[in-house]
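A.B. asks: below is the sequence, then the predicted model.
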Protein chains: 2
Amino acid sequence: MNIIIRPATEADLPAIHALVYELAVYEKEPEAVVTTPAEYLEDFRKGLFEAQVAELDGRIVGMTLFYMAYSTWRGKMLYLDDFVVQENYRRYGIGQLLFDAFVEEGRRRGCRLVKWQVLDWNEPALDFYRKNNAVIETNWWNGKVLF
Amino acid sequence: MNIIIRPATEADLPAIHALVYELAVYEKEPEAVVTTPAEYLEDFRKGLFEAQVAELDGRIVGMTLFYMAYSTWRGKMLYLDDFVVQENYRRYGIGQLLFDAFVEEGRRRGCRLVKWQVLDWNEPALDFYRKNNAVIETNWWNGKVLF
């Protein structure tokens, strides 16, 4: 397979939005996705997030979506908000290529850490992160106010 | 008490760092704070984070520290990385003023949500957030790779 990992462009945003939705279905919260591809375009142009995509024969089959963030304890941080490989293309190592490229991007920018979240029941994802020597924290809860 | 809530300036960063450290001690992880006031200054100038402070008679007694972030599901998000009121000044409503100003800042910027994290054993903080009608999620774990 000829996989290319590269920074996302505006043209990739509809495919990225479709992957986000696919993962939200797997995570049993499709109704929580209220964003649209048009909003992604507007927010991408404002620099609110960046992404990398996995391209196979001209098709987008996976992506990481991230932004610069900050930890008061540790400093500069790259935050991975979403990470998806399309279901039909799993188990070929595409996720590993995407994750490695994301971590390398954090290192290249001089970040002190990269961070993300994972559902407590998502064993395949947890296995993947443990295999990659990630620290998994189970004692922090999320607080949110929605507008 | 004459409390003023206002955006932080460079001059406030040493006091902000001291408050971050005070909270990390309470959270039983003081050794996890590897940042310095000098780094805060450099990163604040780069726009990596913003803050609001509570000033009482010219002294900084509390703060919120936050940055613009993004939710692939919901869109623009203001993320609260740290929120502290100095121990001697608790129970006067200063935390409520700071939290209200933070939430209002998210609303003013057209965010779809504000988000933060709280330790699962921190009952006083959880009570405060529940009283403020926050959604508390207990099913997401954090993943990290430290550099």
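C.D. replies: Here it is on my side, so go on.

A.B. asks: alpha carbons only for contacts and neighbour counts from here, please
C.D. replies: Fine.

A.B. asks: so what strands line up beside the longest strand seen in chain A?
C.D. replies: For chain A, the longest strand by residue count, based on DSSP state E, is strand A:59-71. Strand A:59-71 has the following strand partners under DSSP bridges: strand A:50-56 (antiparallel), strand A:75-85 (antiparallel).

A.B. asks: of these, which stretch is the most buried?
C.D. replies: Ranked by mean neighbour count, the strands paired with strand A:59-71 are led by strand A:75-85 with a mean of 23 (mean count of other C-alpha atoms under 10 Å in any protein chain shown).

A.B. asks: after that strand comes which helix or strand?
C.D. replies: Later in the chain than strand A:75-85, the nearest helix or strand by DSSP states H and E is helix A:94-108.

A.B. asks: in the helix or strand harbouring A:Glu42, what counts as buried?
C.D. replies: A:Glu42 is part of helix A:37-45 when elements are defined by DSSP H and E. Buried residues in helix A:37-45, counted by 16 or more other C-alpha atoms under 10 Å in any protein chain shown: A:Tyr40, A:Leu41, A:Asp43, A:Phe44.

A.B. asks: so the first one touches A:Leu13, yeah?
C.D. replies: Yes - at 6.6 Å, A:Tyr40 counts as touching A:Leu13 under the criterion of C-alpha atoms under 8 Å.

A.B. asks: got a list of contacts for stretch A:70-77?
C.D. replies: A:68-69, A:78, A:106, A:110-115, B:20, B:32-35, B:39-40, B:43, B:48-49, B:67, B:81-82 (C-alpha atoms under 8 Å, 6 or more residues apart in numbering or on different chains).

A.B. asks: can you check stretch A:52-64 too?
C.D. replies: Contacts of stretch A:52-64 (C-alpha under 8 Å, 6+ apart): A:1-8, A:12, A:15-16, A:19, A:51, A:65, A:80-86, A:89, A:94-95, A:98-99, A:102.

A.B. asks: how about the strands paired with strand A:59-71 in CSV, adding distance to A:Gly143?
C.D. replies: As requested, those are arranged in CSV below (distance: least, C-alpha to C-alpha, whole Å):
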stretch, distance to A:Gly143
strand A:50-56, 24
strand A:75-85, 16
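
A.B. asks: adding mean pLDDT, write those strands out as TSV.
C.D. replies: Supplementary listing: the strands paired with strand A:59-71 in TSV, determined by pLDDT from 0 to 100:
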stretch	mean pLDDT
strand A:50-56	98
strand A:75-85	97
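
A.B. asks: can you tell which of these is closest to A:Asp120?
C.D. replies: Nearest to A:Asp120 among the strands paired with strand A:59-71 is strand A:75-85 (15.7 Å), distances taken as C-alpha to C-alpha.

A.B. asks: that's all I had, so thanks and see you.
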